[in-house]
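Chemist: The sequence isn't on hand, but the structure is:
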């Protein structure tokens, strides 16, 4: 790195230490990011500085920006896979990269639109793991000097652990709030089936008591009530199953039993079960025809053999379908695709056209107790403990896979599950 060949004056070192100290005193993550941007521009002048945090399970990074040309990158989304800008180049190389004439590179329209000529992008690390990325760009044609690049790298070494700690603290605060919400929702969701069970049992008992001993029992009423009881016990069973899975995850006892399966056959079998469940539930709940859901399945590649736990992966698929239906209150088609992703992986996507997931939720959606509001005014209109995606992530990880998402408000959400498969011969 350039900083290894550069000596800094005492004034420069004091400036870096002063910048670090001022940021250390701030606890709110948004304010920390803004301070990092401002301090970076104070150390190394530029037309725009942009910063993005790398977060697990997200395949893109949203940038915050400052400077006279901040509009170039404020709110800009970097795609971590397949992107072609200077930020993406730095993340792919895991090191500092520079550009002396960015407009001549195939970096995208934003570089042309804002006349960004010179640029330097520096990843921030904590224990060799990238946690953030910062870039400074100039419009005036003045290249970044070796001392300036070295200064940014020094600043990055100071900021990497600090940003990591602030991000974890932010996640901890969010988890505490989610836990409190979870406890409230859990008591509500566990009480509802019990109340229904008690009610249907009492109705059945009364309908039997009203019949004289020499008269036939009201068979239809009893059967209807028993079906409702079965449905409510099923809901209870699923809720308790999720709580048990979380307990197993927390204690490191969530196990998977893998056997050789063809993923395309496993997925087709799971989707057929989901179709039956969705159709049955919507019929029993008298959902209007225009608000019912269909599930389409497109398998682009066959023979995707690998080591899978059939029941656990079926659980993942069922949860993703359940969420897609739940958060598409206007009905429509849930589109499932399965395809080969390179030589050694297959990817499953589940796409809905529902309410979408707010950006601030996307970073924590796979955390335990994380839930999505199902209405635009923030009112929670669906049940759930906020554990399903957390469990899905752990199951996928146990398969040495990855789960991620893309979402836009009011346009829908797509979940991606990438799993290792046997290489093609």
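Modeler: Structure's in. What do you need? Bear in mind that the values here come from a model prediction, so they are computed numbers and not experimental data.
Chemist: And the strands in this structure?
Modeler: Here the chain has its strands, by DSSP state E, at 48-53, 60-66, 77-79, 97-99, 118-126, 129-138, 259-262, 293-299, 305-308, 332-340, 345-351, 402-408, 412-420.
Chemist: give me the low-pLDDT residue ranges for this protein?
Modeler: Applying pLDDT under 70 to the chain flags the ranges 1-8, 56-59, 81-83, 174-175, 178-192, 369-385, 424-425.
Chemist: before we move on, back to that, would you format the strands of the chain as a markdown table with distance to residue 201 included?
Modeler: (C-beta placed from N, C-alpha, C; glycine too.) Output for the strands of the chain, formatted as a markdown table (distance: least, C-beta to C-beta, whole Å):
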| stretch | distance to residue 201 |
| --- | --- |
| strand 48-53 | 52 |
| strand 60-66 | 50 |
| strand 77-79 | 53 |
| strand 97-99 | 68 |
| strand 118-126 | 56 |
| strand 129-138 | 55 |
| strand 259-262 | 41 |
| strand 293-299 | 31 |
| strand 305-308 | 40 |
| strand 332-340 | 35 |
| strand 345-351 | 37 |
| strand 402-408 | 40 |
| strand 412-420 | 38 |
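Chemist: Tell me which of the ones you listed sits nearest to residue 148.
Modeler: strand 118-126 (7.6 Å; C-beta to C-beta).
Chemist: Pairing partners for that closest one, with directions?
Modeler: Strands that pair with strand 118-126, judged by DSSP bridges, come out as strand 97-99 (antiparallel), strand 129-138 (antiparallel).
Chemist: What is the burial count for the closest residue to residue 222 other than its chain neighbours?
Modeler: Nearest non-adjacent residue to residue 222, counting by C-beta to C-beta, 6 or more residues apart in numbering: residue 204, 5.7 Å away. For residue 204, the tally of surrounding residues (other C-beta atoms under 10 Å) stands at 20.
Chemist: In contact with residue 204: list those residues for me.
Modeler: 221-222, 225-226, 229 (C-beta atoms under 8 Å, 6 or more residues apart in numbering).
Chemist: Let me know the closest of those residues to residue 137.
Modeler: residue 229 (64.9 Å).
Chemist: Excluding sequence neighbours, find me the nearest residue to that closest one.
Modeler: Using C-beta to C-beta, 6+ apart, the closest residue to residue 229 is residue 200 (5.0 Å).
Chemist: Test my guess that that neighbour contacts residue 230.
Modeler: No - between residue 200 and residue 230 there is no contact under C-beta atoms under 8 Å: 9.7 Å.
Chemist: Those two - which one has more neighbours?
Modeler: Of the pair residue 200 and residue 230, residue 200 is the one with more neighbours under other C-beta under 10 Å, namely 19 against 10.
Chemist: Compute the distance between the residue of the chain most remote from its centre and residue 208, please.
Modeler: In the chain, counting by C-alpha atoms, centre = their mean, residue 214 sits farthest out from the average C-alpha position, at 61.7 Å. Counting by C-beta to C-beta, to the nearest Å, the gap from residue 214 to residue 208 is 14 Å.
Chemist: Repeat that for residue 360.
Modeler: 53 Å.
Chemist: quick one: which of the two has more around it?
Modeler: Taking other C-beta under 10 Å, residue 360 and residue 208 do not tie; residue 208 has more neighbours (12 against 9).
Chemist: before we move on, back to that, drop anything exposed from the contacts of residue 204.
Modeler: Using 16 or more other C-beta atoms under 10 Å as the burial test, these include 225, 229 as buried.
Chemist: What about the contacts of residue 204, which are in helices?
Modeler: Secondary structure from DSSP state H places 221-222, 225-226, 229 of those in helices.
Chemist: Put together TSV for those residues, with distance to residue 163 on each row.
Modeler: Formatted as TSV, the ones in helices among the contacts of residue 204 follow (distance: C-beta to C-beta, whole Å):
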residue	distance to residue 163
221	63
222	63
225	58
226	57
229	53
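Chemist: is it true that residue 316 touches residue 392?
Modeler: Yes - using C-beta under 8 Å, residue 316 is in contact with residue 392, at 4.7 Å.
Chemist: before we move on, the earlier item: turn the strands of the chain into JSON lines, including mean neighbour count and distance to residue 39.
Modeler: Shown next, in JSON lines, are the strands of the chain (neighbours: other C-beta atoms under 10 Å; distance: least, C-beta to C-beta, whole Å):
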{"stretch": "strand 48-53", "mean neighbour count": "25", "distance to residue 39": "10"}
{"stretch": "strand 60-66", "mean neighbour count": "20", "distance to residue 39": "10"}
{"stretch": "strand 77-79", "mean neighbour count": "16", "distance to residue 39": "22"}
{"stretch": "strand 97-99", "mean neighbour count": "20", "distance to residue 39": "20"}
{"stretch": "strand 118-126", "mean neighbour count": "23", "distance to residue 39": "13"}
{"stretch": "strand 129-138", "mean neighbour count": "22", "distance to residue 39": "11"}
{"stretch": "strand 259-262", "mean neighbour count": "13", "distance to residue 39": "53"}
{"stretch": "strand 293-299", "mean neighbour count": "16", "distance to residue 39": "49"}
{"stretch": "strand 305-308", "mean neighbour count": "18", "distance to residue 39": "48"}
{"stretch": "strand 332-340", "mean neighbour count": "19", "distance to residue 39": "45"}
{"stretch": "strand 345-351", "mean neighbour count": "21", "distance to residue 39": "40"}
{"stretch": "strand 402-408", "mean neighbour count": "19", "distance to residue 39": "32"}
{"stretch": "strand 412-420", "mean neighbour count": "21", "distance to residue 39": "36"}
